[in-house]
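The amino acid sequence is not available; the structure is as follows:
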């Protein structure tokens, strides 16, 4: 079987309206993919920078996949939350990005967005907080009905990933 090793980190986030952010992340892969080692999901710590606009997480990622085919190439999906001074968590954005298909070191910026909802929900969000969230988080990385959502762009998640491909040449895939 062909193998993919992903080694790197969720470096941090920038461009969000507030600091004090943390991120829940996961990996989604197709049916031909099997995880051999590593965690398929995780959560960073909350970073509260005092003067910077960049939230640093430095959260490690170390995954090892085996596959029988290229269909369903793995992708990261993210949920970024803001934690206020009372410990309440508010969703600040969803995002996803594919793991690079070429070997080597990659610096990736994953853009995020959040649903805006209808006018009443937007007004409520501005005064009370806690805007609309997706009922089904799988909608973030599947293409069905995502184009029907009303969204607003948020910040970016920064990743540094090293990708190692093994035995792809034995299965007719040139790297």
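Looks like it came in fine. Just so it is clear, the model here is predicted, and its values are computed rather than measured.

what is the spatially most central residue of the chain paired to in the beta sheet?
Nearest to the mean C-alpha position of the chain, counting by C-alpha atoms, centre = their mean, stands residue 78 at 2.9 Å. In this structure, residue 78 bridges to residue 25, residue 95 when assessed by DSSP bridges.

Stretch 101-109: which residues count as buried?
residue 108 (16 or more other C-beta atoms under 10 Å). For the C-beta atoms, the positions are set from N, CA and C on the backbone; glycine is no exception.

pLDDT (mean, whole number) over it?
Averaged across stretch 101-109, pLDDT comes to 93.

hmm, back to that, the residue nearest to the centre of the chain against residue 108, yeah?
No: contact between residue 78 and residue 108 fails when scored by C-beta atoms under 8 Å: they sit 11.3 Å apart.

immediately after the helix or strand bottoming out on mean pLDDT in the chain, which helix or strand?
Ranking every helix and strand in the chain by mean pLDDT, DSSP states H and E puts helix 119-127 at the bottom, with a mean of 58. Using DSSP states H and E, the next helix or strand after helix 119-127 towards the C-terminus is strand 151-166.

Partner strands of the helix or strand harbouring residue 63, with direction?
Using DSSP H and E, residue 63 sits in strand 54-67. If you go by DSSP bridges, strand 54-67 pairs up with strand 2-14 (antiparallel), strand 33-37 (antiparallel).

for these, which one ends up most surrounded?
Among the strands paired with strand 54-67, the stretch with the highest mean neighbour count (mean count of other C-beta atoms under 10 Å) is strand 2-14, at a mean of 20.

Excluding residues flanking it in the chain, which one is nearest residue 168?
Nearest residue to residue 168 in three dimensions, chain neighbours excluded: residue 2, at 4.7 Å (C-beta to C-beta, 6 or more residues apart in numbering).

correction: residue 33
Residue 33 sits nearest to residue 67 (C-beta to C-beta, 6+ apart), 4.8 Å away.

Residue 34 is in contact with that neighbour, correct?
Yes: when contacts are counted by C-beta under 8 Å, residue 67 is listed as touching residue 34 (7.2 Å).

where do the contact lists of those two overlap?
residue 1 (C-beta atoms under 8 Å, 6 or more residues apart in numbering).

The helix or strand that contains residue 113: how far from the chain's middle?
When elements are assigned from DSSP H and E, residue 113 belongs to strand 104-115. Distance of strand 104-115 from its chain centroid, counting by C-alpha atoms, centre = their mean, to the nearest Å, is 7 Å.

Quick one: list the elements packing against it.
Counting contacts by 3 or more C-beta pairs under 8 Å, 6 or more residues apart in numbering; DSSP states H and E, strand 104-115 packs against strand 75-83, strand 89-98, strand 151-166.
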